[in-house]
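> Got a sequence here, can you build the structure:
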Amino acid sequence: MPAYWLARSVINDPVAYKRYTDQVPDIITRHGGKVLARGGKFQVMEGPEKFKRFVVIEFPDFDSGVRCFQSEEYNEAARHRRENGAGEVETVVLEAGEFTQ
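Predicted coordinates for the structure are as follows:
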């Protein structure tokens with residue numbers, strides 16, 4: 001069953017953040033991921049308006065999404081946005097399907 005990365009971010013240092021975003025698409029692809037939405041037009045319908053960039057990435061399954069996020073290569077790339085406050089990001093991996101009983 002597919003799973004999705006849902007990420008929202010604020011970019012504080014575009015130059016440093018770009019060093020991260022330049023590397024990530026290839027890493028995601030190597031882990032079976034497919035970018036469905038990255039940047040682009042958005043409208044916050046409810047909740048805080050702090051975040052200004054949104055990303056949705058589909059993975060073949062939940063474990064693939066988790067492995068990608070926890071991989072050494074991803075974390076090396078993410079270092080560029082994590083260090084010195086280049087960006088603030090919240091990322092969730094969500095398994096597709098209806099699980100509410």
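
> Now residue 96. Nearest residue, chain neighbours left out?
Nearest residue to residue 96 in three dimensions, chain neighbours excluded: residue 2, at 4.6 Å (C-beta to C-beta, 6 or more residues apart in numbering). The C-beta positions use only the backbone N, C-alpha and C, and glycine is treated the same way.

> my read: that neighbour touches residue 59, true?
Yes - judged on C-beta atoms under 8 Å, residue 2 makes contact with residue 59 at a distance of 6.6 Å.

> The two - which one has more neighbours?
Legend: neighbour count by other C-beta atoms under 10 Å for residue 2 and residue 59, higher for residue 59 (24 against 16).

> distance of the more buried one from residue 69?
For residue 59, the distance to residue 69 (C-beta to C-beta, to the nearest Å) stands at 10 Å.

> Pull the contacting residues for the residue nearest to residue 96.
Residue 2 is in contact with 58, 59, 60, 61, 95, 96, counting by C-beta atoms under 8 Å, 6 or more residues apart in numbering.

> how about a markdown table for the residues you listed, with distance to residue 12, pLDDT and secondary structure added?
Shown next, in a markdown table, are those (distance: C-beta to C-beta, whole Å; pLDDT from 0 to 100; DSSP: H, G, I helix; E, B strand; the rest coil):
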| residue | distance to residue 12 | pLDDT | secondary structure |
| --- | --- | --- | --- |
| 58 | 28 | 98 | strand |
| 59 | 27 | 98 | strand |
| 60 | 33 | 98 | coil |
| 61 | 33 | 97 | coil |
| 95 | 31 | 96 | strand |
| 96 | 32 | 95 | coil |
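
> Could you identify which of these has the most neighbours?
With neighbours defined as other C-beta under 10 Å, the most crowded of those is residue 59; it has 24 neighbours.
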